[in-house]
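*Asks:* based on what follows, work out the 3D shape:
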Amino acid sequence: MRYKWMEHLIDAWDAFIEEIFSFIPEETKKHIKNARKEILLALRSVIDKRIEELEKDKKGIKKVKVEKAES
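*Replies:* Have a look, this model is predicted:
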């Protein structure tokens with residue numbers, strides 16, 4: 001990694017999260033994991049819908065042959 005302080009910050013964050021999660025019951029952890037999955041699935045559906053819209057716009061484009069005007 002380019003900056004040593006970033007490695008320390010990441011390690012500190014990981015330790016903090018691990019400490020916080022040590023107090024959370026297993027059933028709660030399961031619900032949090034499922035909620036994260038649902039959020040990701042929701043984001044996926046938004047992205048998929050936007051891709052569909054982009055492809056639909058692309059289908060409406062027609063090629064037009066342009067001929068050089070004679071002078």
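
*Asks:* just the element for the residue nearest the centre of the chain, please.
*Replies:* Nearest to the mean C-alpha position of the chain, by Cα atoms, centre = their mean, lies residue 43 at 6.7 Å. Counting by DSSP states H and E, the element that carries residue 43 is helix 26-59.

*Asks:* ok, residue 10 next?
*Replies:* Going by DSSP H and E, residue 10 is in helix 4-22.

*Asks:* ok, now residue 70?
*Replies:* Using DSSP H and E, residue 70 sits within no helix or strand.

*Asks:* now it: how far from residue 49?
*Replies:* Separation of residue 70 from residue 49 (Cβ to Cβ, to the nearest Å) stands at 48 Å. Heads up, the C-betas are built off the backbone N, CA and C, glycines and all.

*Asks:* more neighbours: which of the two?
*Replies:* residue 49 (10 against 4; other Cβ atoms under 10 Å).

*Asks:* tilt between the helix holding residue 10 and helix 26-59?
*Replies:* 120 degrees (axes from the mean of the first three to the mean of the last three Cα atoms, to 10 degrees).

*Asks:* now do helix 4-22: distance to the chain's middle.
*Replies:* With Cα atoms, centre = their mean, to the nearest Å as the basis, the distance from the averaged C-alpha position of helix 4-22 to the chain average is 22 Å.

*Asks:* likewise for stretch 64-71?
*Replies:* In this view, stretch 64-71 has its centroid 46 Å away from the chain centroid, taken as Cα atoms, centre = their mean.
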